[in-house]
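**Q** the amino acid sequence is not available; the structure is as follows:
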């Protein structure tokens, strides 16, 4: 198995066909090492593993990115969670649980970010 | 439904029969408000909800408590995860995913904490 | 006492008449649980308590929201602090103290956010 | 005014007579710069200021040190809060408020740390 | 030595001639204490020290500001790092190392912020 | 080049001969994935790179691990920093700089942790 190819394949499954190829057009000598890290370590090495399914991995990411205060990547992973089969209700439940553990300011921001993605993608009226 | 009774019931399901009653013996005028908060808000209000199952909630907590750097509660929730049906392999996968998002120091500590609980509970040779 | 009504009453006292009613217009099936959490847990359960006054609670929030890196909610609570009777000098002192404990980057951002609110509200020339 | 002498005077007022002199015995060429930073920047420059009283500064510290996950210094500042006139009830209220904003794991640990100090100092039965 | 004058001199060396004088025009009774803190504590007291060179201090700041999730100040210190003699390759290596320790979301954001500064300043094609 | 072998070689250079072999004796089916991650991603992929020298990488780690509140790994990397040629004075300067950016509580703890390692290793009287 080619770790990089496997990582790129999973990224496209998560974020939509052509996602990786679009990112390729932004690569340069400065940022290529972090792009490779994402493809090979994050997706090829960890997301590629069995043991828990992709939908669960997506829910874990929503919780962690809320805890870590990373709004840009939270928005991406709300999209990814939908692509991996999470329902709007499941996303809501994950974010509500963050209110208890990460605090209301973290959860409140996460709800706003997720709501924006859900509306853009036609999942809210 | 009595939110507090429901929360206490779920805490015992998560942590083992008699867990809440043991905590009751430590209550006093100083800490009773945080105990009530835990019973009513954390467990009665959030863990009591449908939408995602208890096992998934446990995995979310392992990820969040690693991100939040809270070793004492991480150890408790490794126990809770086992009681909620998580396998050793699933716990391993959750914690490995934290390495990518929360960093290796966070994940490395989480593995040590979880390994200690798993060994104490007879889940590792 | 109705916890939710009490929470909503306190939110309006803190943020200005009509604040809660305006938020109501943004509620939907996705975000209603976090709105209820805010009204009932944050304001109805905690802000409603005696023991420390509202002005002190506002100052605690300025310090915590700076530590937690939550600029949007910090801006709201600068407004709330003014409504709760904090002077510009008191807000300055709270934020300066965060420089020592949370670091200069956190404090520097907090000063900019607060200055912007203070100027908008006519508290700075 | 000598900033360092003023800082040392305030440290002793906060933590008890002889506190600074005891710390002096641990100074060496490695750690003297951080001791001076504490005396001159933290206490001589910031705690020495007017604008908010010492008791309020203590409460702010309890909230910030909980948010920042710093248990050792939280314990010291519970002592300091008592010396600055905070009541047990006020300490309880500050820490309960952290549950909403910093999350329950942070607040739960803070309550345990504070309870231990309060008991050692004879403030709890 | 005048600590404030020394701090202001170093700020201009780091960020470019006239940087401090431009900041002076934004000073007012609200924010002057944090400006003084920056000039006297951050630059006059710490950056002014020998023991490690300015270029190393800049690289430490890139790593810390990534860990602390402070994008605005990270952008300033990418500029400062260039002024202190860091090469584009060195900045890349520092940020790649943050991926391992602070997590990929932190490092990914830091790369975007740095790339933007580097391009604006003509260091990337 | 074999990434894993390279990572293991660098770990031994950083932490002392036999360090990796000693860690091998603690491996099991639960923790082997995080050990491999450390050997291959952290050391084989990132520490193995040119562009900045090992001593600088050690200093970056002291700063990041202080910011991230990871005392156990900070202690290890103080040892590593000494093995990579950092002087006691350089370690002091790195940690003093964290006081400004990460706050005094973070820096104060880091000084205590480092002092303990330095004394154990005979670098302080």
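**A** Yep, that arrived. Here the structure is a predicted model, which means the values were calculated and not measured.
**Q** CA only for contacts and neighbour counts going forward, please
**A** Noted.
**Q** for chain D, give me its nearest residue in chain A.
**A** Here the residue of chain A nearest chain D is residue A:103; by Cα to the nearest Cα that distance is 4.0 Å.
**Q** the longest helix along chain A vs chain B: in contact?
**A** For chain A, the longest helix by residue count, based on DSSP state H, is helix A:104-120. No: using Cα under 8 Å from any Cα of the partner chain, helix A:104-120 stays clear of chain B, coming no nearer than 11.9 Å.
**Q** give me the helices and strands touching that helix, please.
**A** If you count contacts as 3 or more Cα pairs under 8 Å, 6 or more residues apart in numbering or on different chains; DSSP states H and E, helix A:104-120 packs onto helix A:54-67, helix A:71-83, helix A:88-102, helix C:32-36, helix D:88-102.
**Q** how about a cut-off of 6 Å?
**A** Using 3 or more Cα pairs under 6 Å, 6 or more residues apart in numbering or on different chains; DSSP states H and E, no helix or strand is in contact with helix A:104-120.
**Q** now that helix against helix D:88-102, angle please.
**A** Helix A:104-120 and helix D:88-102 are oriented at 20 degrees to each other (axes from the mean of the first three to the mean of the last three Cα atoms, to 10 degrees).
**Q** which stretches of chain A have low pLDDT?
**A** Along chain A, the parts satisfying pLDDT under 70 run over A:1.
**Q** closest to the centroid, which residue in it?
**A** In chain A, the residue lying closest to the centroid (Cα atoms, centre = their mean) is residue A:77, at 2.3 Å.
**Q** what helix or strand does residue A:50 sit in?
**A** Following DSSP states H and E, one finds residue A:50 outside all helices and strands.
**Q** setting aside sequence neighbours, what's the nearest residue to residue A:102?
**A** Nearest residue to residue A:102, sequence neighbours excluded (Cα to Cα, 6 or more residues apart in numbering or on different chains): residue D:103, at 4.6 Å.
**Q** same question, residue A:6
**A** Nearest residue to residue A:6 in three dimensions, chain neighbours excluded: residue A:44, at 5.4 Å (Cα to Cα, 6+ apart).
**Q** ok, that neighbour touching residue A:8?
**A** No: using Cα atoms under 6 Å, residue A:44 is not in contact with residue A:8, being 7.4 Å away.
**Q** between these two, which one's more packed in?
**A** Set side by side, residue A:44 and residue A:8 show unequal neighbour counts under other Cα atoms under 10 Å in any protein chain shown, the larger going to residue A:44 at 24 against 21.
**Q** quick one, what contacts that one?
**A** Neighbour list for residue A:44: A:3-4, A:6-7 [criterion: Cα atoms under 6 Å, 6 or more residues apart in numbering or on different chains].
**Q** run through who's touching the longest helix of chain A.
**A** By Cα under 6 Å, 6+ apart, helix A:104-120 touches A:98-99, A:124, D:100-101.
**Q** mind doing that once more with 8 Å?
**A** Residues from elsewhere that reach helix A:104-120 (Cα atoms under 8 Å, 6 or more residues apart in numbering or on different chains): A:66-67, A:69, A:71, A:74-75, A:78-79, A:88, A:92, A:95-96, A:98-99, A:124-125, C:30-31, C:34, C:38, C:42, C:70, C:73, D:100-103.
**Q** cool, stretch A:27-41 as well?
**A** In contact with stretch A:27-41 (Cα under 8 Å, 6+ apart) are residues A:3-4, A:7-8, A:11, B:100, E:88-89, E:92, E:96, E:104, E:107-108, E:111, E:115, E:124, F:41.
**Q** quick one, domains of chain A?
**A** According to automatic domain parsing, chain A is divided into the following domains: A:3-46, A:54-120.
**Q** give me whichever of those domains is most buried.
**A** domain A:54-120 (a mean of 22; mean count of other Cα atoms under 10 Å in any protein chain shown).
**Q** so how far is that domain off the chain centroid?
**A** Relative to the centre of its chain, domain A:54-120 is centred 9 Å away, using Cα atoms, centre = their mean, to the nearest Å.
**Q** got it, and stretch A:109-125?
**A** 14 Å.
**Q** and the angle for the longest helix of chain A with helix A:71-83?
**A** 50 degrees.
**Q** by how many degrees do helix A:104-120 and helix C:54-67 diverge?
**A** Here helix A:104-120 runs at an angle of 60 degrees relative to helix C:54-67 (the same axes, to 10 degrees).
**Q** got the residues of chain A near chain F?
**A** So far as Cα under 8 Å from any Cα goes, chain A lies against chain F at residue A:41.
**Q** relative to residue C:7, how far out is residue A:120?
**A** Distance of residue A:120 to residue C:7, computed by Cα to Cα, to the nearest Å: 32 Å.
**Q** ditto for residue A:98
**A** From residue A:98 across to residue C:7, the span is 21 Å (Cα to Cα).
**Q** with residue A:125 instead?
**A** Note on residue A:125: its distance to residue C:7, by Cα to Cα, is 28 Å.
**Q** for residue A:65, same thing?
**A** 29 Å.
**Q** same thing with residue A:108?
**A** Look at residue A:108 and residue C:7: by Cα to Cα, they are 17 Å apart.
**Q** equivalent analysis for residue A:73, please.
**A** Between residue A:73 and residue C:7 the distance, using Cα to Cα, works out to 33 Å.
**Q** go on, residue A:105?
**A** In terms of Cα to Cα, residue A:105 sits 17 Å off from residue C:7.
**Q** how about the residues of chain A by chain C?
**A** A:88-89, A:92, A:96, A:104-108, A:111, A:115, A:124.
**Q** could you redo the last one with a cut-off of 6 Å?
**A** Taking Cα under 6 Å from any Cα of the partner chain as the criterion, chain C has no neighbours within chain A.
**Q** how close does the residue in chain A sticking out farthest from the centre sit to residue E:89?
**A** For chain A, the residue at maximal distance from the C-alpha centroid (Cα atoms, centre = their mean) is residue A:29, at 25.2 Å. Distance of residue A:29 to residue E:89, computed by Cα to Cα: 9 Å.
**Q** also residue A:110?
**A** From residue A:110 over to residue E:89 (counting by Cα to Cα), the distance is 35 Å.
**Q** around chain E, pick out the residues from chain A.
**A** Within chain A, no position is adjacent to chain E by Cα under 6 Å from any Cα.
**Q** contacts only, for residue A:58.
**A** By Cα under 6 Å, 6+ apart, the residues touching residue A:58 are residue A:81.
**Q** repeat that for 8 Å
**A** Residues in contact with residue A:58, defined by Cα under 8 Å, 6+ apart, are A:77-78, A:80-81, A:84.
**Q** ok, so of those residues, who is nearest chain C?
**A** residue A:78 (13.5 Å).
**Q** nearest residue to that closest one other than its sequence neighbours?
**A** Here the residue nearest residue A:78, using Cα to Cα, 6+ apart, is residue A:114, at 6.2 Å.
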